[in-house]
Structure formats: structure tokens, C-alpha cells
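Student: Quick one, what's the 3D model for this:
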Amino acid sequence: MLVKVFGSAVFGVEATTITVEVNIDKGIGYHLVGLPDSAIKESSYRIAAALKNNNYSLPGKKITINMAPADLRKEGSAYDLTLTVGILAASGQIKTDLITDYIIMGELSLDGGLQPIKGALSIAIKAKEEGFKGVILPIQNVKEAAVVDGIAVYGVENVVQVIDFFDGKEGLLPTVIDCQEEFHKTLAFPEFDFSDVKGQESIKRCMEIAAAGGHNIILIGPPGSGKTMLAKRLPSILPPMSMQEALETTKIHSVAGKVKETGLLTQRPFRSPHHSASSVSLVGGGSYPQPGEISLAHNGVLFLDELPEFKREVLEVMRQPLEDREVTISRAKFTITYPSSFMLVASMNPSPGGYFNDPDAPVATNPVEMQRYLSKISGPLLDRIDIHIEVTPVPFEKLSDTRKAESSSEIRTRVTRARTIQTERFQEYTHIHYNAQLSSKLIRMYCVLDEVSLQLLKTAMERLNLSARAYDRILKVARTIADLDASESIQSHHIAEAIQYRSLDREGWLG
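Tutor: Alright, predicted model coming up:
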């Protein structure tokens, strides 16, 4: 008897429906075809044990299973439940009336229990697009899949529940998630708040500008000056994610298997890889391609602490994703694109010893050592960082101050207001949502300077020996500062403030 059951394969962040054809005929043998990997080939042992331990049996006949399309490589153990249902239906142990209405996925334990899978959200989205009635998944994955409206998502704990469901012995209740409630649950109470930061008012202002315009930022300062503390609090002042952004971010984390029972991701991600990270772990890829840190930081923040300690070739692979806001991984047989629209926040010491130009510093560093240390970061990478700011240690008077600093929610209100102005300004452009994404052509259109501002910028570039690459960056940042002031035009004081945020372009830093 021939039976068809449907599963799903995830490539990149998108799912593809897989048709599992099970044919049982006279003879003996178990034949699995359609480019399955080793984990799928081993499924026969898990299926046999799970069925026997639940008073069912693997038919003692010739079982031929084809996973179509047969030229597409299938990976992982998530097809165990799909194959099990197909074998039971083809051997007449369960009814076949309903099985074609559902996408069925899950990894089997030997006792018949189900283990979680990756990519449940992408699978549910694809099932809805193709008109399936519902999706049957392990109970651990049900929250992330249930955020998709218009399709029934059933969570099951063991294979017996699935068998009883198709036999009509026991009904399954679809999981319903109130996305709006989940979405706003954690918004008002961030884990890290700017009210915890003592002093550093100028740096907080700089972080506010970076958040308002989506600008990449690098913090330069000695150990203990608060660089990491400030960076960790940046997501708390970013505008709340839209529902579309939340779905995009959750989909990527779902594919990487990092969602599990949390459901919809409502807070912007913050990723902080160690400086020993490899190129593949940062941008994604591998034998079985997975999203890297830059994709897991999509719509959020990627924090690179101690930037010069990263291998140079690792940092260089970020140049294209920073510009294009997506990363394309090409292999001989396939090409996968992962979204990677993130804010880069980097921190570094100004020298190997951690101090520079400080007569009271415990470690002395000469300018040659500092130049050698800073040269580990390439010019093209710095070219993609809009804001450079020096962070100085906090004096004791500020540390011991008991007054409460401004909270993240207050700063976020101003940031959100500025982002709203930018959204309205760029509404006719599909891929531009905030000032950091402006091209040279659009900079000339939206960052027009009056005569006073133009003269100020010219004088600053000549006296401070600012590089040519600093020109566009200053204009973008000035546009964001003007938006925070709700100013239609860029004023001279906006330009003056933006000029301060190009420390590494000045002579004496990178030469």
C-alpha cells in the first residue's frame, strides 16, 4: 500500500515542503531514498523501538520510503515522526483519512516521546502558505509556531497521541498565542537599564544618537571606564520591534534552535561573541549551514568587545554584510541568504596596556605601540562605523552619587520619536528606514547644509585632519541629531556635535 505524508525541510530561514512516500510490499527490507543524511538513515532503529514500546510494530515486509524532491538533501532527526506516521498508515495500523491535511515533524525517543526540532516557525509559515489544515509538532516547539495566525498548531508529547488523533480516539487542542500580549509583556522592564549607569552623560548622549539613527559605534577607553556596561544597555533604548521585525528575528533564532519554549522574541537581540570566534561562527555557514552571530543579531545589536583582539580575517568578512545588511553563503550545490541588519557596537582599549596619554596611568604606552595596536583594525571596516567616541573613567564623586540617573524608557521615548520622523521621510524607499542606511545620493538630498554649517565642517576637516570618509558619516550623524531636536534642517550646532564623534579620524590616532 502506498501512502503520502508531509514534512518540511528548512534551508536558510525558509522552509520547503517534503513529501514522504511510503510503500509497503511483499518481501523484506527497509529502503530509504531521497538524499537522507546519516541521522535520517538511523531513524529506523528509533522508530522500531518507539513502536514496540507502545504496542505497535514495524511491519515485517519490504518498506520503501522516498523523500521528495529526491534531489534535495534532507538533514537531521526531525523526520522521525513523519516516517513513523507514514509506515503506520501504509501498513494499515492507523487511518489515512486525515494525514495529508497536516505537516508532521518531530524527533522520536526510544520510549515514543518527542524531542524538539529546529525551524518550527518557518515550517508553520510555509504550511499556512501551502494551505495545510494544521501542523503537528513536539510540545516544546508549539509556542514559536503558534504565533502564525490562520493555521492550527498542535503540540504533542509522544507518538501515541498522534496515532490516537488520526484514529479519532483522542482529539488534540490547537495552541493559541495572544501575540500582542506576548509582544508587550517585557517591553517596559528591560534587564539592563541606563538608570544604573553613574556619570558618563556625554557617552549616554552618544548612545542615544546611535540608537536614533541606527549608527554603528565604537567606544574607545581604558579598562573599567564602563564600555561594556554601556553597550549592554543599548538595546533597552532602541525603538520597540514591530510585529514584522519580531517574526523575522524569531524565525532566524528558530532555525538556529535557540527559541524553544520562549515563543515570539519580543526584545531586540544582543549578541556578544568572544574574540576567539571564527569567520563561520560570525557570518554563518558550515557543512550544514546555520545562521551566524551577525544574523542572530538581526534587528538588534552585535557587540564586539576588545575589537583589535579579533582575528583580522574574521573582522574583514563583516564588511559586506555591514553594507548590504544580508549575508549570502554560496556552496557548490546551493546558495543561502541570511538577513543581517544589525547595529554594530565595538569597544577597545586605546593601546595594548589599556591607557594612552595619561600621566597617572599604571602602564605606560608609547605612540608607536598604540599605532601598531590600532592598525589591527582595517580602514574599510572603520569606514562603516559612523560614531567614534572616547570613554573616560568615572570619577569617585559620580560613582558615589545616590541620585537616580535617567531611565532607558525616557531615552527610548526620544529615540522612537526620531525614528518615526525618519520612517516618514524614507517611506518611498523600500530598503531605507533610518539615517545610517543613507546612500551618498540621498545624503546630498536630505543633509543639505547652510553656509555657516558648511564653513564649520570645512574648517574642522582642515584643522583636525579628518579623512574624506568622515565627511558623509558626519552628515548622517548630524541629520540624526537634528531629528532628535525635531529640526527640519541641519544647524551649525548639529554639525559641531557630529564632528566630535570622529575620534579615530583625527591625526594622532590612525595617522
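Student: Report the distance from the longest helix seen in the chain to the chain centre.
Tutor: The helix that spans the most residues within the chain, counting by DSSP state H, is helix 408-425. Relative to the centre of its chain, helix 408-425 is centred 22 Å away, using Cα atoms, centre = their mean, to the nearest Å.
Student: Please point out which parts of that helix sit buried.
Tutor: 408-409, 411-412, 414-415, 418-419, 421-422, 425 (16 or more other Cβ atoms under 10 Å). C-beta here means a position set from N, CA and C on the backbone, and glycine is covered the same way.
Student: Contacts for stretch 241-250, please.
Tutor: The contact list for stretch 241-250 (Cβ atoms under 8 Å, 6 or more residues apart in numbering) reads 121, 144, 147, 179, 183, 259, 263-269, 298-300, 339.
Student: Next step: these restricted to strands.
Tutor: Within the contacts of stretch 241-250, residues falling in strands by DSSP state E are Pro339.
Student: Among the contacts of stretch 241-250, name the buried ones.
Tutor: Counted by 16+ other Cβ under 10 Å, those give 121, 144, 147, 179, 183, 259, 263-269, 298-300, 339 as buried.
Student: What are the boundaries of the helices in the stretch 351-500 of the chain?
Tutor: Shown for the stretch 351-500 of the chain, the helices assigned by DSSP state H, counting those that start in this stretch span residues 367-374, 379-382, 396-399, 408-425, 440-446, 451-463, 469-484, 492-499.
Student: Out of the ones you listed, which one sits most buried?
Tutor: helix 469-484 (a mean of 24; mean count of other Cβ atoms under 10 Å).
Student: Using the record's assignment, carve this structure into domains.
Tutor: Domain segmentation of the chain under automatic domain parsing yields 2-167, 185-426, 438-511.
Student: Reformat the helices of the stretch 351-500 of the chain as a markdown table; add distance to Ser281 and mean pLDDT.
Tutor: Putting the helices of the stretch 351-500 of the chain into a markdown table (distance: least, Cβ to Cβ, whole Å; pLDDT from 0 to 100) gives the following:
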| stretch | distance to Ser281 | mean pLDDT |
| --- | --- | --- |
| helix 367-374 | 24 | 74 |
| helix 379-382 | 18 | 82 |
| helix 396-399 | 36 | 69 |
| helix 408-425 | 30 | 93 |
| helix 440-446 | 33 | 89 |
| helix 451-463 | 39 | 90 |
| helix 469-484 | 29 | 91 |
| helix 492-499 | 34 | 93 |
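Student: who wins for proximity to Ile217 among these?
Tutor: helix 469-484 (9.9 Å; Cβ to Cβ).
Student: What are the contacting residues of that closest one?
Tutor: Counting by Cβ under 8 Å, 6+ apart, 208-209, 212-213, 215, 379, 382-383, 386-387, 414-415, 417-418, 421-422, 435-436, 438, 440, 443, 446-447, 449, 457, 461, 466, 488-491, 494-495, 497-499, 501-502, 505 sit against helix 469-484.
Student: neighbours around Val283, how many?
Tutor: 22 (other Cβ atoms under 10 Å).
Student: Can you give me the neighbour number for the residue nearest to it when sequence neighbours are not counted?
Tutor: Sequence neighbours aside, Gly292 is the residue nearest to Val283 in space, at 4.6 Å (criterion: Cβ to Cβ, 6 or more residues apart in numbering). Per other Cβ under 10 Å, the neighbour tally for Gly292 reads 28.
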